[in-house]
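# Requesting a structural model of the entry that follows:
(one chain, ligands or ions: 2)
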Amino acid sequence: MKTLTPPMISPDEALRLIFERAGVLGEEKVPLADAVDRVLAAEIRALDSLPPFDNSAMDGFALRSADIKDAAPGNPVELTVLETVRAGGSGRLEVKPGEAARIMTGAPLPRGADSVVMAEMTEPGAKGKVKLTQATRPGSHVRSRGEDVLEGSLLLDAGARLRPYDIALLAAQGVTEVPVIRRPRVAVLATGDELVDYREEPAAGRIRDSNGPALLAALSRWGAPAENLGIAPDEPAALRAALAAALSRADVLVVSGGVSAGDFDCTKSVFAALGIREVFWKVAIKPGKPLFFGVRRDPGEPPKLAFGLPGNPVAALVCLEEFVRPALEKLQGHAPKHASYHLTGTALNDYPKPADRRQYLFCSAKAGPGGYELNILRPQGSAMLGMASRANALAVGPEGVSRVVRGDALKFRWLK
Ligand code: AMP
Ligand code: MG
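Ligands and ions are numbered 1, 2, ... in the order given. Presented below is the predicted three-dimensional model:
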């Protein structure tokens with residue numbers, strides 16, 4: 001007789017358990033040039049003020065605003081042009097009453113001047129002079145020292161993922177190396193007696209491994225160095241041999257296949273034999289219900305996380321994105337600030353779903369006159385790669401609902 005199937009846990013609870021188990025990995029220093037997408041291990045404070053000196057925001061004339069306070073089209077004021085100050089240079093002369101300096105964007109503001117008038121707003125005056133027909137405010141078109149960043153102020157918090165804007169900021173500060181959390185090392189294994197490498201011709205009854213390449217592709221996009229363990233048959237000894245060595249090197253094991261209740265499914269028993277303790281098995285989602293998550297703790301080392309993904313390729317990728325990716329972020333100390341399903345669209349068609357599970361619905365989404373419209377592809381299936389590849393969006397059919405109905409507002413995200 002079969003034992004009762006264990007209850008499913010909710011996807012939110014699953015994620016909570018994953019976050020609880022995944023500790024932040026150690027840190028390392030990397031050159032700024034290699035630091036994009038890395039997560040800061042410590043806060044960074046400004047070494048310098050930005051801009052580092054008062055400078056011009058425009059090509060024009062640096063002058064004393066008081067000199068032209070009465071300037072008007074009927075009352076032009078002419079100022080003597082002393083010299084031209086270029087970016088990278090510096091004005092030699094102080095601007096005194098009745099004087100101006102021609103100045104280029106980024107050039108230091110000459111002493112005495114308090115304002116810049118755009119070249120387009122001036123006219124040539126008598127020889128060596130510039131004519132102004134409008135007043136200006138002090139500070140106009142001047143970027144003053146420290147207006148953007150003050151020396152000593154907080155630039156970036158620990159846990160921030162560095163974007164090109166942040167790289168620019170740190171480069172402007174002269175930061176050459178940054179402390180970041182090391183990247184999690186992931187090992188990927190596909191299991192199944194039916195699988196052959198996709199570069200080979202499958203014999204009768206066998207299929208090409210599509211999970212291996214897909215999981216590795218996703219991990220490489222996310223910047224997690226992944227070791228490809230290839231394919232293992234549904235034999236405990238072979239599976240164990242493939243995983244035992246990898247477990248000593250990897251922070252995260254990602255195994256696809258063999259986590260359901262089939263006669264030859266042995267991923268869970270092999271995990272157990274390798275000292276991986278089950279945290280949960282079976283999550284109330286579709287696709288992806290058989291997802292397994294376990295942890296091995298070795299003294300003095302960060303906990304090793306093991307994911308057993310369902311073998312069906314669409315389910316495997318959904319689980320990777322929904323559960324493994326957040327785990328990789330947590331291992332790097334990164335706390336995303338927004339929900340991954342942050343868009344809302346209107347369902348264009350009905351779709352039945354299990355009420356006790358959250359369903360990830362593959363859609364073709366487009367912007368309509370009243371907002372995004374979601375055409376739920378039919379049929380959906382956890383093995384239907386053609387369907388998944390045709391979709392450009394993933395929507396959430398919420399728990400507690402037995403049918404998505406045309407006109408329903410659904411949360412979704414793009415499948416990029
Ligand atoms: P399993 O989770 O091992 O019961 O597998 C469920 C389904 O997914 C079966 O139809 C398998 O043939 C298929 N499958 C398992 N692993 C892969 C893989 N790596 N690539 C493509 N299909 C797979
Ligand atoms: Mg299998």
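# How are the helices of this protein distributed by residue range?
Per DSSP state H, the chain carries helices over the ranges 11-21, 164-172, 211-221, 236-249, 267-273, 313-319, 325-331, 385-390.
# Find the closest residue to ligand 2 in the stretch 201-350 of the chain.
Nearest to ligand 2 in the stretch 201-350 of the chain, going by Cβ to the ion, is Gly257, at a distance of 4.1 Å. In this view, the C-beta of every residue, glycine as well, is placed from N, C-alpha and C.
# Next, that residue: phi, psi?
The phi/psi pair for Gly257 (degrees, to the nearest 10) reads phi 90, psi 160.
# For it, which non-adjacent residue is closest in space?
Nearest non-adjacent residue to Gly257, counting by Cβ to Cβ, 6 or more residues apart in numbering: Gly311, 3.4 Å away.
# next one: Ser49
Gly146 (3.8 Å).
# which ones are touching the one you found?
By Cβ atoms under 8 Å, 6 or more residues apart in numbering, the contact set of Gly146 is 49-51.
# Reformat those as a markdown table; add distance to Val175, neighbour count and pLDDT.
Rendered in a markdown table, the data for the contacts of Gly146 read as follows (distance: Cβ to Cβ, whole Å; neighbours: other Cβ atoms under 10 Å; pLDDT from 0 to 100):
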| residue | distance to Val175 | neighbour count | pLDDT |
| --- | --- | --- | --- |
| Ser49 | 15 | 18 | 98 |
| Leu50 | 12 | 18 | 98 |
| Pro51 | 17 | 19 | 98 |
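# okay, now the closest residue to ligand 1 within the stretch 201-350 of the chain: neighbour count?
Minimum separation of the stretch 201-350 of the chain from ligand 1 (Cβ to the nearest ligand atom) falls at Gly311, amounting to 2.5 Å. A count of neighbours around Gly311, defined by other Cβ atoms under 10 Å, yields 26.
# Just list the residues touching it, thanks.
With Cβ under 8 Å, 6+ apart, Gly311 has these contacts: 191-192, 211, 256-260.
# same thing but at 7 Å, please
By Cβ atoms under 7 Å, 6 or more residues apart in numbering, Gly311 lies in contact with 192, 211, 256-258.
# Same check on Glu177?
Glu177 is in contact with 29-32, counting by Cβ under 7 Å, 6+ apart.
# tell me the domain ranges of the chain?
Domain ranges of the chain: 11-25+183-331, 28-50+147-181, 55-143, 343-414, per automatic domain parsing.
# The closest residue to ligand 1 within the stretch 51-200 of the chain and Leu317: what is the separation?
When distances are taken as Cβ to the nearest ligand atom, the stretch 51-200 of the chain reaches nearest to ligand 1 at Ala190, 3.7 Å away. Counting by Cβ to Cβ, to the nearest Å, the separation of Ala190 from Leu317 is 13 Å.
# Check the spatially closest residue to Arg403 that is not a sequence neighbour and give its pLDDT.
Nearest residue to Arg403 in three dimensions, chain neighbours excluded: Pro352, at 5.1 Å (Cβ to Cβ, 6+ apart). pLDDT recorded at Pro352 is 98.
# I'd like to know how many residues surround Pro352.
For Pro352, using other Cβ under 10 Å, the count is 11.
# same question, Tyr165
8.
# Please apply the same query to the one 10 residues further on.
Here the number of neighbours of Val175 (other Cβ under 10 Å) works out to 18.
# so what's Arg182 up against?
Residues in contact with Arg182, defined by Cβ under 7 Å, 6+ apart, are 25-28.
# scratch that, Val188 is what I was asking about
Contacts here follow Cβ under 7 Å, 6+ apart; on that basis Val188 touches 212, 215-216, 226, 228-229, 254.
# what about stretch 159-173, average pLDDT?
97.
# which residues touch that stretch?
32, 35-40, 44, 46-48, 50, 155-156, 178, 333-335.
# Select from the residues you listed every entry located in strands.
Members of the contacts of stretch 159-173 lying in strands (criterion: DSSP state E): 44, 155-156, 178.
# I'd say Leu377 and Arg390 touch.
Yes - using Cβ atoms under 7 Å, Leu377 is in contact with Arg390, at 6.4 Å.
# any common contacting residues for these two?
Jointly contacting Leu377 and Arg390 under the rule Cβ under 7 Å, 6+ apart are Ser364.
# my guess is Ala365 contacts Leu394, does it?
No - using Cβ under 7 Å as the test, Ala365 is too far from Leu394 to be in contact (9.3 Å).
# any residues in contact with both of those two?
Common neighbours of Ala365 and Leu394, using Cβ under 7 Å, 6+ apart, are Phe412.
# Go through stretch 120-134 and flag the buried ones.
Using 16 or more other Cβ atoms under 10 Å as the test for burial, stretch 120-134 gives 122, 125, 129-130, 132.
# Turn those into CSV, including pLDDT.
CSV is the format used below for those (pLDDT from 0 to 100):
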residue, pLDDT
Thr122, 97
Gly125, 95
Lys129, 98
Val130, 98
Leu132, 97
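# list the contacts for the residue of the stretch 51-200 of the chain closest to ligand 1?
So Ala190 contacts 209, 211-212, 231, 256-257 (Cβ under 7 Å, 6+ apart).
# Kindly report the same for Ala214.
Per Cβ under 7 Å, 6+ apart, neighbours of Ala214: 313, 317.
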